[in-house]
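Engineer: Pasting the sequence and the predicted model now:
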Amino acid sequence: MDSRQIHKTLFGRLPSFLLFILLALFARLFAGVTGDVYKFWITFAIQIGIAVSLVLISYEYQLIKKRTFLPAILFLIFTTSNPVLYDNLEGAISAFAMILCVGITFKNYHNPKSQTDSLNIALILTTGSVFCWQPLIFFIPLFWIGLWWFRAFNARSFFASLLGISTVCLFLFSWCLYIDDFNYFSDKILYMKEVFSVEWIVLQWYDWIVTAFFVVLSLLSAMNIFLSGFSEKVKTTLFFKFLYLLLVVLFAFTCFFDPIVNNIQDIVYFVIALISGFYFSMNDNNKRINFLLILTIVFMITSYILRLGYFF
């Protein structure tokens, strides 16, 4: 059996994907449910939804020109390796909101009538910012840039986006006016201390190694994506260009805003999973890259063991 057949068997079939879901669940249960049980199960369900969304996005927009569940499997491996994310419901919801917006942005490639979807992106992120995780609203300009690169951003889509933001804020203001209590409005709209409180992140040594590994993996994927013949289509190149822009901003948040790092990791993981999933899948006949894929999986398993407190 050659390497391509191994890839197809392990990562290209639905039963393999379901098996990885079961393994991810077993790893979580083995680590133990230390927080709220309902948060544990809902977070895991949302993470599965994100994994499925990665498969749908890859298939719908032909990011990977073959049937594979590898991006979804990598996302499950990444999130499973970090027990901090097992019951982080805010982070999971935020990541799901972000991947919905990524899919909407990709759908509007060369679509001059993108105002409805621009409105939807603003509604999703602003609602998520108000009711879940405040910094989501600051990602809206990134999607403006993405729509601009995809030739889908214009004055109408810009004002539609502003309408989406103001609609949610106006709804919240009206509700606070109705109940005669503006504390919630001031907390969610006017109070952004966790974002502007810049603190250099403090991590364990193995977390820094994981971060460095992800940076190297992203750089290797970038060289392959933008310098090889795989991304001969301008459309594919622009999609990955947007994903890398998002990744750079996420890494900046991760490094400089310590209070929000846990809520951003799910988003980082799905972006890297999609990028590296392309890299590994499109080079499934390359022994060195296959070795790197195996190394990545072993590395994340080791990270999981270290984070559980073994070998100390």
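Structural biologist: It's in.
Engineer: where's the closest residue to residue 67 other than its chain neighbours relative to residue 262, distance?
Structural biologist: Once flanking residues are discounted, residue 67 sits nearest to residue 12: 5.4 Å by CB to CB, 6 or more residues apart in numbering. Where C-beta positions appear, they are placed from N, C-alpha and C, glycine not excepted. The gap separating residue 12 from residue 262 is 33 Å, by CB to CB, to the nearest Å.
Engineer: got it, and residue 226?
Structural biologist: 31 Å.
Engineer: in stretch 134-147, what's buried?
Structural biologist: By 16 or more other CB atoms under 10 Å, the buried positions in stretch 134-147 come out as 134, 135, 136, 137, 139, 140, 142, 143, 144, 146, 147.
Engineer: got a list of what the fourth one touches?
Structural biologist: Under the criterion of CB atoms under 8 Å, 6 or more residues apart in numbering, the contact list for residue 137 reads 125, 126, 129, 165.
Engineer: tell me which element the nearest residue to it once chain neighbours are set aside falls in.
Structural biologist: Computed as CB to CB, 6+ apart, the closest residue to residue 137 that is not its neighbour in sequence is residue 129, at 3.8 Å. Assigned by DSSP states H and E, residue 129 falls within helix 115-131.
Engineer: one step back: between residue 12 and residue 262, who's got more neighbours?
Structural biologist: Between residue 12 and residue 262, residue 12 has the larger neighbour count (other CB atoms under 10 Å), namely 19 against 15.
Engineer: And the more buried one, its phi and psi?
Structural biologist: The phi/psi pair for residue 12 (degrees, to the nearest 10) reads phi -110, psi 10.
Engineer: burial of residue 290, as a residue count?
Structural biologist: By other CB under 10 Å, the residues close to residue 290 number 17.
Engineer: Repeat that for residue 292.
Structural biologist: 19.
Engineer: And for residue 34?
Structural biologist: If you count neighbours by other CB under 10 Å, residue 34 ends up with 9.
Engineer: Enumerate every residue touching the closest residue to it other than its chain neighbours.
Structural biologist: Closest residue in space to residue 34, ignoring its immediate chain neighbours: residue 87 at 7.6 Å, by CB to CB, 6+ apart. Shown in contact with residue 87 (CB under 8 Å, 6+ apart): 33, 34, 35, 36, 39, 40, 43.
Engineer: Please enumerate the helices of the chain.
Structural biologist: 3-11, 14-31, 37-60, 70-80, 89-107, 115-131, 140-149, 155-179, 183-185, 193-196, 205-227, 234-256, 261-281, 287-307 (DSSP state H).
Engineer: Could you tell me the least trusted of those?
Structural biologist: The minimum mean pLDDT among the helices of the chain belongs to helix 193-196 (a mean of 54).
Engineer: rewinding a little: just to check, the residue nearest to residue 137 is in contact with residue 123?
Structural biologist: No: the pair residue 129 / residue 123 is not scored as a contact, 10.8 Å apart, by CB atoms under 8 Å.
Engineer: Which one's more surrounded, the two?
Structural biologist: residue 129 (24 against 17).
Engineer: What sits closest to residue 118 if chain neighbours are left out?
Structural biologist: residue 157 (3.8 Å).
Engineer: residues near that neighbour, how many?
Structural biologist: Around residue 157 there are 25 other residues, counting by other CB under 10 Å.
Engineer: quick one: it from residue 169, how far?
Structural biologist: 19 Å.
Engineer: swap in residue 160?
Structural biologist: Computed as CB to CB, the residue 160 to residue 169 distance reads 15 Å.
Engineer: swap in residue 40?
Structural biologist: For residue 40, the distance to residue 169 - CB to CB - is 32 Å.
Engineer: Was I right to think residue 51 contacts residue 76?
Structural biologist: Yes: if you go by CB under 8 Å, residue 51 and residue 76 touch, sitting 5.5 Å apart.
Engineer: which residues do the two both contact?
Structural biologist: Counting by CB under 8 Å, 6+ apart, the common neighbours of residue 51 and residue 76 are residue 21.
Engineer: Geometric centre of this protein: which residue is closest?
Structural biologist: Nearest residue to the geometric centre of the chain (CA atoms, centre = their mean): residue 267, 2.7 Å.
Engineer: buried ones in stretch 49-64?
Structural biologist: Buried residues in stretch 49-64 (16+ other CB under 10 Å): 50, 51, 53, 54, 55, 57, 58, 63, 64.
Engineer: Need the contact partners of it.
Structural biologist: With CB under 8 Å, 6+ apart, stretch 49-64 has contacts from 17, 21, 67-73, 75-76, 92, 95-96, 99-100, 102-103, 106-107, 109, 235-236, 239-240, 266, 270, 273-274, 277-278, 281-282.
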